[in-house]
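# test case, fold it:
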Amino acid sequence: MNESTDTMLSPIVMNNETHGAGVAEVNEGPDVSIVVPCYNESANVRPLVDMLRRVLEGRRWEVIFVDDNSPDGTSDVVRALAQEDSRVRGLCRIGRRGLSSAVIEGALSSSAQVVAVMDGDLQHDESRLPALIDAVAGGGCDLAVGSRHVEGGSNQGLANAWRHALSDGGIWLAQRFLPVRLTDPMSGFFAIRQDRFVQIAPFLAATGFKILLDLVLSSPKPLKVQEIPCGFRARVAGESKLDVVVMLQFGALLVDKLCHGLLPLRFIAFCGVGLAGVLTNLVIMQLALLGGAGFSVAQGVGTVVA
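Sure, this is the predicted structure:
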């Protein structure tokens, strides 16, 4: 009976010892989290992870893909990769959209000392990640920004003259509001101390696509910023998210920060849409009058088009 009991207990003792050894060998957490907001970027997920493995070799890192329930199966690709590599994590958001809010959720889920943010479209030069991370981890700055507009940087990856004009115009406008000097406030490639991000998070507008601009404008005290030269590649797969809505959100963000949050962003957006409708109505009505239509007809056409 004793022999049988000893025989039955010995595997349990061995398992406990193995379990204890396993606990002792638990790996340390990451020093840096790379947050990648994405929507319909399934073709870019695996290549991006391969790039990160190369440039971050020897570092403790993780990548957090925050996907807004992409219909192209982006989250499925992330899950498959996570089965192969524990440094890959995914957050799939249901019923919520927006780059800024995605970055916020990803960054707040991190326990790393440094949070880096980059797009999932492979346009950012991942080889500059170590420089961004080291600038923040070394204590030289709160925020390191990958800039296309300092010596050594390039924005040749912008698709056409229209995109260049939008980018340059947005930068010029944003710089009128900034409390710190920043040559590329439209950049989506940056690193920041995680504790500083947590401090700023309650003040963020959390809307639109320009999370860097939101961070700089929302910080209770000016951030110490360092800019790192960065290239900007042409998109390989997927489609650009830039459209009229993004431009309106950018304008609404600036107005929101100018008003110090006294006017709700939804109210600002509502006013913007209303103003666009009024202007459209007036323009179409005037064109109809010039074309010989009567006032009633011109007014009706303008209203329908608006």
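# quick one, phi/psi of the nearest residue in space to residue 183 that is not next to it in sequence?
With C-beta to C-beta, 6 or more residues apart in numbering as the criterion, residue 183 has its nearest non-adjacent residue at 4.1 Å, and that residue is residue 149. C-beta here means a position set from N, CA and C on the backbone, and glycine is covered the same way. Main-chain torsions, residue 149, degrees, to the nearest 10: phi -120, psi 20.
# so what's residue 46 up against?
By C-beta atoms under 8 Å, 6 or more residues apart in numbering, the contact list for residue 46 reads 77, 81.
# helix or strand: which one has it?
Residue 46 is part of helix 42-55 when elements are defined by DSSP states H and E.
# quickly list the domain ranges of this structure.
32-239, 265-305 (automatic domain parsing).
# and the top helix by length along the chain, how far from the chain's centre?
The helix that spans the most residues within the chain, counting by DSSP state H, is helix 265-290. Computed by C-alpha atoms, centre = their mean, to the nearest Å, the chain-centroid distance of helix 265-290 equals 31 Å.
# got it, and stretch 290-306?
43 Å.
# C-alpha coordinates for that stretch, CSV please?
The C-alpha coordinates for stretch 290-306 follow below in CSV (Å, rounded to 0.1, in the frame of the first residue of the first chain):
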residue,chain,number,x,y,z
LEU,A,290,-26.5,82.0,-63.6
GLY,A,291,-27.8,79.2,-65.8
GLY,A,292,-31.2,80.9,-66.2
ALA,A,293,-33.2,79.0,-63.6
GLY,A,294,-35.8,80.8,-61.5
PHE,A,295,-35.2,81.5,-57.8
SER,A,296,-37.5,78.8,-56.6
VAL,A,297,-36.0,76.2,-58.9
ALA,A,298,-32.4,77.2,-58.0
GLN,A,299,-33.2,77.1,-54.3
GLY,A,300,-34.7,73.6,-54.7
VAL,A,301,-31.8,72.3,-56.7
GLY,A,302,-29.3,73.8,-54.2
THR,A,303,-31.1,72.2,-51.2
VAL,A,304,-31.3,68.7,-52.8
VAL,A,305,-27.6,68.8,-53.7
ALA,A,306,-26.6,70.0,-50.3
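# so what touches that stretch?
Contacts with stretch 290-306, where a contact means C-beta under 8 Å, 6+ apart, come from 277, 278, 280, 281, 282, 283, 284, 285, 286, 288, 289.
# go ahead and build a ChimeraX selection from the buried members of these.
This is the ChimeraX syntax for the buried subset of the contacts of stretch 290-306, where burial follows 16 or more other C-beta atoms under 10 Å:
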select :281,284,285,288,289
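# widest-spaced pair of the contacts of stretch 290-306?
277 and 289 (18.6 Å; C-beta to C-beta).
# circling back to that earlier point, by mean pLDDT, show me the worst of the domains of the chain.
In terms of average pLDDT, domain 265-305 trails the rest of the domains of the chain, at a mean of 83.
# what distance do you get for residue 104 to residue 66?
As for residue 104, its distance to residue 66 is 9 Å (criterion: C-beta to C-beta, to the nearest Å).
# before we move on, what about residue 267?
Taken as C-beta to C-beta, the span from residue 267 to residue 66 is 27 Å.
# among these two, which residue is more densely surrounded?
A side-by-side neighbour count of residue 267 and residue 66, using other C-beta atoms under 10 Å, places residue 66 first with 27 against 11.
# ok so that one is a strand residue?
Yes: membership of residue 66 in a strand is supported by DSSP: H, G, I helix; E, B strand; the rest coil.
# that one touches residue 37, doesn't it?
Yes: contact status for residue 66 versus residue 37: in contact at 5.0 Å, counting by C-beta atoms under 8 Å.
# please identify every residue contacting each of those two.
Contacts common to residue 66 and residue 37, judged by C-beta under 8 Å, 6+ apart, are 102, 103, 106.
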